[in-house]
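**Q** Curious how this folds, go ahead:
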Amino acid sequence: MRVRGRSRRRISIAALTCYKPGERSPLIYRPRRDDGNRDGRKSFSWRDYRDLLIAAHTQLGDPIVLVWDILNVHKAAGLREFAATRDWLTIYYLPPYAPDLNPVEGIWSLLRRGWLSSVAYTTPEHLMQRIRRGLRHVQYRSHLIDGCPAETGLIINP
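**A** The predicted structure is shown next:
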């Protein structure tokens, strides 16, 4: 999402929806605001995704089977090397141009239609506050997270 104003203001969000039959479905996310002071990168690097995966593994405590789109940073050499050295992580990639198969897209749809719609943001902090509030709302209502795979046609089997 871009924030109107200076060209270096951007907010990126990485999220994982987690599914395990018979258990509450958590949403794990990390927002990142481009402050212009990082290494010239406006969005998440492979290291940021690595840190998100480590946090998810720590929080969940179970092996992770990750289904990812083919964003170039998801296929970065450093991230592939990291995944190859972790026995708790298995990665599958969605086919190209298939956002309709990605359950996380349902989360973004919920945010855009609900908490982020019809609001004039005064500052980047205001936008970040609304994003966090919306994602927290989704986190506490696991039935919203459970509905995302149903939209894609994916079925979670034990």
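**Q** roughly how far apart are the closest residue to K42 other than its chain neighbours and A98?
**A** Using CB to CB, 6 or more residues apart in numbering and skipping the chain neighbours, the partner closest in space to K42 is D34 (4.7 Å). (Glycine included, C-beta is placed from N, CA and C.) Counting by CB to CB, to the nearest Å, the gap from D34 to A98 is 27 Å.
**Q** Compare neighbour counts for the two and give me the winner.
**A** Neighbours per residue, other CB atoms under 10 Å: of D34 and A98, the larger number sits with D34, 19 against 13.
**Q** separation between that one and S45?
**A** From D34 to S45 the distance is 12 Å (CB to CB).
**Q** residues of stretch 77-95 that come out buried?
**A** Using 16 or more other CB atoms under 10 Å as the test for burial, stretch 77-95 gives L79, F82, A83, L89, I91, L94.
**Q** ugh, wrong one, stretch 11-28
**A** Neighbour-count burial for stretch 11-28 [16+ other CB under 10 Å]: I11, I13, A14, A15, L16, T17, C18, Y19, S25, P26, L27, I28.
**Q** Understood, closing this out.
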